[in-house]
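>>> Fold the following.
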Amino acid sequence: MGQGGSAGQGAQGGFGAFIPLILMFVIFYFLLIRPQQKKAKEHRTMISNLKKGDRIITGGGIHGRITGMDETTLTVEIADRVRVKVNRGNVTAMIQTGSQPAAAKTEKTDSKKKSDKK
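Next up is the predicted model:
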């Protein structure tokens, strides 16, 4: 009888050893896997919404404007009459037209503060 009770406790002890492992997997999922999947989904959406005339930045840091498109590549004008073909997946960002860089915004607010003091 004593052995039957200890076998039951051994099974519980074995399952208890897996609880920290399961907990670590859950933490990794919420801290690493889920945010990466969300970012990949946003990138796929951005790539699918590209159109002619959009300003983009490639993975190599090249800035340009889309002048042509097909299923897998984009034709990007990087200077006057200079066009290159890039893979759609190599586009890392789309530049919003009409938005100012953060540095330009702070310069305007600084100059406004200086003029208010005078």
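
>>> Stretch 27-37 spans what distance, first to last residue?
15 Å (CA to CA, to the nearest Å).

>>> same question but for stretch 77-95, I mixed them up
Distance across stretch 77-95, first residue to last, is 14 Å (CA to CA).

>>> can you count the residues close to residue 55?
By other CB atoms under 10 Å, 15 other residues sit near residue 55. (Each C-beta comes from the backbone N, C-alpha and C, glycine too.)

>>> ah, wrong one, I meant residue 22
Neighbour count for residue 22, taken as other CB under 10 Å: 10.

>>> Moving along the chain from the helix or strand that contains it, name the first helix or strand you hit.
Secondary structure assigned from DSSP states H and E places residue 22 in helix 2-28. Next along the chain after helix 2-28, taking DSSP H and E as the criterion, comes helix 34-48.

>>> Show me what that next one packs onto, helices and strands only.
Contact partners of helix 34-48 among helices and strands, from 3 or more CB pairs under 8 Å, 6 or more residues apart in numbering; DSSP states H and E: strand 91-95.

>>> which other residues reach stretch 82-90?
47, 50, 58-60, 62, 64, 67-68, 72-78 (CB atoms under 8 Å, 6 or more residues apart in numbering).

>>> Quick check: buried residues in that stretch?
Residues of stretch 82-90 classed as buried by neighbour count (16 or more other CB atoms under 10 Å): 86, 90.
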